[in-house]
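Student: Give me coordinates for this.
(chains A and B)
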Amino acid sequence: MCRIVCRFASIAAVLTVLAGPSAVYASDFDSARDVASQVDQLIAKELAANKVEPAPLATDEDFLRRATLDITGTLPSPRDVTLFGIDPTGDKREQLVGRLINSEAYAETWARYWRDVLFSRATNARSQLVNRSFTEWMTGVLAENRGWNEIATDLLTATGDVRFNGETALLFLQEGSPEDIAGEVSRVFLGIQMQCANCHNHPWDSWKREQFHELAAFFPRVSVRPVQEDGMQRSFEIASVNRDFDPAQRQQFLKDNADRLVRFSDRNRDGKLTKDEIQENQQFARIFDRLLQVADANKDGGLSVKEIKEAPAPMPNQAGRGSTEHFMVDLSNPASRGTKMEPKFFVTGLTAKSGLDDLDRRELIADYITSSQDEWFSRAFVNRMWGELTGEGFYMPIDDLGPERTASFPKVLDLLAAEFVKHDYDIKWLVSTIAFTQTYQREVRPDSADAESVPFASATPTRLRGDQLYSSILKTLGGSDDEPRGRGPGMMAGAGGPYRGARNPRDQFGQLFGFDPSTPQADITGTVPQALFMMNAPQINAQISATGLTRLAALLRKFPDNDDAASELYLMVLSREPSDKERKIVADYIAEVGNRNEAFEDLMWSLLNSSEFLSKR
Amino acid sequence: MTTERHEHVRIRRHRVSRRSFLHTVSAGALAAGSLSLRDVMTLQAAELRKQGKSMILLWMGGGPSQFETFDPKPDHENGGGTEVISTSVPGIRIAKGWEQTAGLMNELALIRSMTNKEGSHPRATYQMHTGYIPSGSVKHPSLAANIAKELADREFDLPAVVSVGNTQGAGFLGVNYEPFVVNDPGSLPQNTEVSVASSRYTRRLGLLDRLEDDFAGRGGEVVVKNHRQLYGKTSKLVLSSDLKAFDIADEPQTLKERYGDTVFGKGCLLARRLIEAGTTFVEIASRGAPGAGVNWDTHQDNFEQTAANAAVVDPAMAALISDLKDRGLLDTTLVVWMGEFGRTPRINPRGGRDHYPRVFNAAIAGAGVKGGQLIGASTADGTAIQDQPVTPNDLFCSICEALRINPHKENMSPLGRPMKIVDGGQPVPGLLG
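Tutor: Numbers count the residues shown, from 1 in each chain, chains lettered A, B, ... in the order given. Sure thing, here's the model as predicted:
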C-alpha cells in the first residue's frame, strides 16, 4: 500500500474525480437498482431451489476490469485500478457503471459491436462500402441513447447512398434480397431463426414456409441501385422500386424507339444523345450512365441510334429481382414464378395490403415489430445484452429464441423485457441494470456439474472482441487510434471476414481478431494467425523492449525493486496485482534468467500472450 | 488394439514409403506377433489411400473466358478470332497462349460443359468454393475445409489448408480447417519469424505456461486449456522444420523460371512444396494476393487481358503438373483449374465479354483423373451446353470421388441442421480412369 500512497500525493484530491453518475442518467438510477435487485431475488430463489451455491461477488479489481471492458471496450489504467480499490464509497460499483456508460467510448465500442453483429452475416461482399457510415451512425444514435425501437425502425426504413446513410446497412448487407432481409430481420430483431423456412417448413419450429415468405413480402420493393459519379460506379443506394421493372423489357422499348428518341432529344443535331440532352426525360436519364457504359461503341460520350439499337442485353444476373411483389418459389418447379405472397407478420398476424408502396410497407413492418404487442422484440434484445455482458444468455445461442425453445430463468427474462419496454427501450438503462445485478458481479469459478445445468451462479470468462482487444493492447503498450497509418499494432493481413479491405490499423486488427458476436463463446477459441500475431508481431515485440522509449522501460526505471516492478506490470497488463504464487514464479524466473531486462521482457510477453489478457474475467 | 497401433503409424504423405510403413509396423505390432501383415494391409488400405490424397485449386478469379482458354470457337464469330493450337492429344485443340499446358494435355481432362445460374461475382465465388449459395443463416464451410476435415493428418505441424490470397473460410467447421492465408508466396508467412533466440522463445513459453495456472485455478480452466492447445499448435508451427516449406529460396533457379517469376507462379511452386510436406489443400487465387493481378473479369479488352493472363497461368500450371508428376505426387494430388463462371459468347462494344454462368469450362488433372479427354461440349456458337451438362455440385462430387471422400457425408451446422459436404449432384461419368 505504501507504494500506492506514495504514487498519489493526495488521495482526497483524486477521489473527487470519482463523483456520482452524471445528471443525464441519474433519474433512472434508482429504477435500475430496483429492477436489478428484483432480478437478484428471482435468481437467488431459483439457485436455492436447485441447491446451487452462487459464487461470491468478484473483487473490485475484477469488477472494474469487467465493467470497463464491457461498457467502454478497453482496460482500466493501473491508476484506475488503484483508486477504485481504495475508494470507500458504498455504491462505488453503481457509480462506476454510471460514469462509464456516459463516456464517449460507450457509444463507440457498442457501435462496433453492432457492426460485427450485422457484418458477420452479410451476404454482400461489398459490405466495406457501408462500414464507416454504419459505425458512425450507430455511434451517434447510441450516444444520444435513442430507444432500440427507434434504431430498429431506422434500420428497416432506411434509404439513400450507403456511404452517407449508415442506417442502410442491414438492407444493403443482405443485398436488398427480400428473403435474406426477412431472415436477418427476424434473427436480429426477434431472435427467431426462420431462414430455414425459406425452403421448407421448419423441422422443429412451428413456422411454416408461407409465414417466412409473408415476412419477405414486406421487402420486395427494396432495391440496391448503383450510384454513378462522373460516369464511374462509386457506390450503391437503397431505393424503392414501386413499379414493375424488367431491364430487358425496358431496353427493348428503347431499341424500338431509338429513332424517335434521338430525333426528339438530340438538340444540337449531331446525331448522338448526351447526358445533358436527355436530362428532361427522367426515365431515360436514370439509366443513361449505365447504357453509355455498355453501348458507347466509339467511346465518344454519346449514343447514336445505331449504338442504342446494338446495345448488349442486360445480364439476367438476379433472377426474380425487379418484381414489386414477392413470390414464393415453387420448389417442384423452380423456374416458374411461384406464388404471390401477401405481407403478413407471423408473430401477431398483422397484415399489409399488397400493392402498397415500399416505404409504406417497411414502415408498417417496423411498426409491427417494435410494437409492445410483440414480446420477442424486447426479449431478443434483453437476451442479447444479458448474454454479451454475463457471457451466457437466457436462450443460447443468443439469437435463437422462439416459442419452441426453452429459456433458463424465464421469469428474469420476462421481468427485464417488460421493464425495458416500460423504459422506452432505453439501452443505457438496460445495460446499467444488468451491470448492477449480483449475477453480473459474481466471480468466475471452475465449472461444476451443477453449474452446467443451472447458469448464472458464477461469471463465465469470455473472449474479448477484436475491438476490445485492440483497445486493450493500445492502452497497455501506449498508443492511440490517431496514429498515422502503418503504426500501432494493426498492420497485418487476415483471412477475409467482415473487414475485408480494411484500411486503418484498428480494422486490420479486426480482420484478424474479429468474430461474430452472436456465436456462442464456447465456439470461439482463437486461430493460429492470431496466436502468431500475439507471439511474434514486430509491432508488439518492439513495444515490450526493456530499453528505449517503451512503457516497460519507464516502469523498470521507476521501480528498481523487482517485486514492485512485477506488481506494476501486472496492473498494466492484467489490471490486477499478482498472487503470491505468481510473485514467486516471477522471482524464480528473474533469478533463473539472471538478466533483469530480459526477464521482464519475457514476463511482459507472457502476460500479453496469456489467456487471461485475451479474456474478460 | 489394432486401431491403437495404427494411430501410431504416422502416415506422412510421400515421406513414408511403403517400405518404411512396413518397417514401422514390423517394429511394433508385427514383431509382437499380434497381427499379420495381411491384416494390416487389408484393414488400413482404404485409410492409407485416403490419407495420401490432396488437392490444389488454381482459382481463376473474375471468371475466365472459355473461348480464350479451353473451349475456343475458331469457326464462329463468337470465337472472336481467337486462334487455336493443337495439343499432345490428337483432336483436342485449345486457345492460343496455352502452349505449355497443351503439351501436357494427356494429363488433363477438360470439362467444356460446366453450367450454373449465379452470375454475380460474390455469390458465384461463394458457391464455387462451398457448393452452396450464400445464406444469412449458415456460414457454409469451404470444400477445402471439408476435404481437410476428412483427410488431414492431425499430427502435421503445418496448417491443413493454405491459400495464396484471401478465400472462403471454414464456416461452421471451425478453426482447425480455416485457411492459412499467405499473401507473399515464397517467403515465410507473417509473424512466423521469432524475434528472440529459439532457446529464449522456449523459455518464454515455459513461463507463460506456468503463469497460466493461476487463471486456470480461478475459473478459467476451459479457456486456458483451449489457449494451451492453440499455443501448442502455433509454437509447433513456428519451431517446426516443416515451416521451411513456405520458403522457396532453395529451389533451383531453372525450376523457379519454369513456374515464372510471378505471384501466381510462386504460389504454384509453394503449393507443390506444401503438398510434398503434407498439406492437404492449397488454393492459389489468381487475383487474391497483393500484386497477383491475374484478373479474368474481362468486361473490356478481353483479348489483350486474357492473353496476358495466359502468359502467367500457362507456364505456372504446366510447371506445377509436370513437377508433381516428376516427384510421383500427381497420382495423389488433384489439380483443379476453374473460376466462378464463364464469359458471354457475344463480344461487347468495348471488346469485352460479360458474365456468363450458363456455359463455362474447367480443367482437371491428377489423383486418378483420366487425362487427355474432353467432357461434354458447348454448342457451335457457345451459347448453350450441347452435351453432358456438369453443374458445380456434379463437379464437387467428382472431386470428392477422386479424393475418396463421401460427398454426402453430413456435418452438423450450429443450428442443428445436418449439412452434406455436397448437396445433390452426381460424379461426372468417365472423369476418373
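Student: With B:Leu415 as the reference, measure out to A:Gln195.
Tutor: 9 Å (CB to CB, to the nearest Å). To be clear about C-beta, it is placed using only N, CA and C from the backbone, and glycine gets the same treatment.
Student: which helix is the longest one in chain B?
Tutor: If you go by DSSP state H, chain B has its longest helix at helix B:302-326.
Student: still on that earlier bit, show me which of A:Gln195 and B:Leu415 is the more surrounded one.
Tutor: More crowded of A:Gln195 and B:Leu415, by other CB atoms under 10 Å in any protein chain shown: A:Gln195, with 22 against 14.
Student: So which residues on the stretch 1-150 of chain B come close to chain A?
Tutor: Proximity of the stretch 1-150 of chain B to chain A (CB under 8 Å from any CB of the partner chain) is limited to residues B:117, B:119-123, B:125, B:134-137.
Student: State the pair within those that is farthest apart.
Tutor: B:Gly119 and B:Ser137 (23.0 Å; CB to CB).
Student: Which of the three states applies to the most centrally placed residue in chain B?
Tutor: A centroid search over chain B (CA atoms, centre = their mean) returns B:Ile56, at 2.9 Å, as the residue closest to the centre. Using DSSP: H, G, I helix; E, B strand; the rest coil, the structure places B:Ile56 in strand.
Student: Report the central residue of chain A.
Tutor: Centroid-nearest residue in chain A: A:Trp114, 2.0 Å away (criterion: CA atoms, centre = their mean).
Student: Distance of that residue relative to chain B?
Tutor: When distance is defined by CB to the nearest CB, to the nearest Å, A:Trp114 is 16 Å away from chain B.
Student: Wait, A:Met138 touches A:Leu155, no?
Tutor: No - if you go by CB atoms under 8 Å, A:Met138 and A:Leu155 don't touch, sitting 9.5 Å apart.
Student: Do you know the pLDDT at the closest residue to A:Ser567 other than its chain neighbours?
Tutor: Using CB to CB, 6 or more residues apart in numbering or on different chains and skipping the chain neighbours, the partner closest in space to A:Ser567 is A:Glu577 (5.3 Å). A:Glu577 is assigned a pLDDT of 96 by the prediction.
Student: contacting residues around A:Glu577?
Tutor: Counting by CB atoms under 8 Å, 6 or more residues apart in numbering or on different chains, A:Glu577 touches A:61, A:567, A:570-571.
Student: what's the pLDDT at A:Arg465?
Tutor: A:Arg465 carries a pLDDT value of 96.
Student: count of neighbours near it?
Tutor: Neighbour count of A:Arg465, defined by other CB under 10 Å: 23.
Student: for it, what are its contacts?
Tutor: Counting by CB under 8 Å, 6+ apart, A:Arg465 has contacts A:73, A:112-113, A:116, A:514-515, A:517.
Student: do B:Gly81 as well
Tutor: Counted by CB under 8 Å, 6+ apart, B:Gly81 has contacts B:Phe303.
Student: From the opening residue of stretch A:172-180 to its closing one, how far?
Tutor: In stretch A:172-180, first residue to last residue: 10 Å (CA to CA, to the nearest Å).
Student: and the residue of the stretch 301-433 of chain B found nearest chain A, what element?
Tutor: Nearest residue of the stretch 301-433 of chain B to chain A, counting by CB to the nearest CB: B:Pro349, 3.6 Å away. Using DSSP states H and E, B:Pro349 sits within no helix or strand.
Student: That one - nearest residue in space that isn't next to it in sequence?
Tutor: A:Ala297 (3.6 Å).
Student: Ok, B:Pro122 next?
Tutor: Closest to B:Pro122 by CB to CB, 6+ apart is A:Ala125, at 3.3 Å.
Student: what about the strands in the stretch 101-250 of chain B?
Tutor: Using DSSP state E, counting those that start in this stretch, the strands found in the stretch 101-250 of chain B span residues B:108-114, B:161-164, B:180-182.
Student: got the contact list for the shortest one?
Tutor: The reference is to strand B:180-182. Residues outside strand B:180-182 that contact it (CB under 8 Å, 6+ apart) are A:493-496, A:528-529, B:158-159, B:161-167, B:189, B:246, B:267, B:270, B:289.
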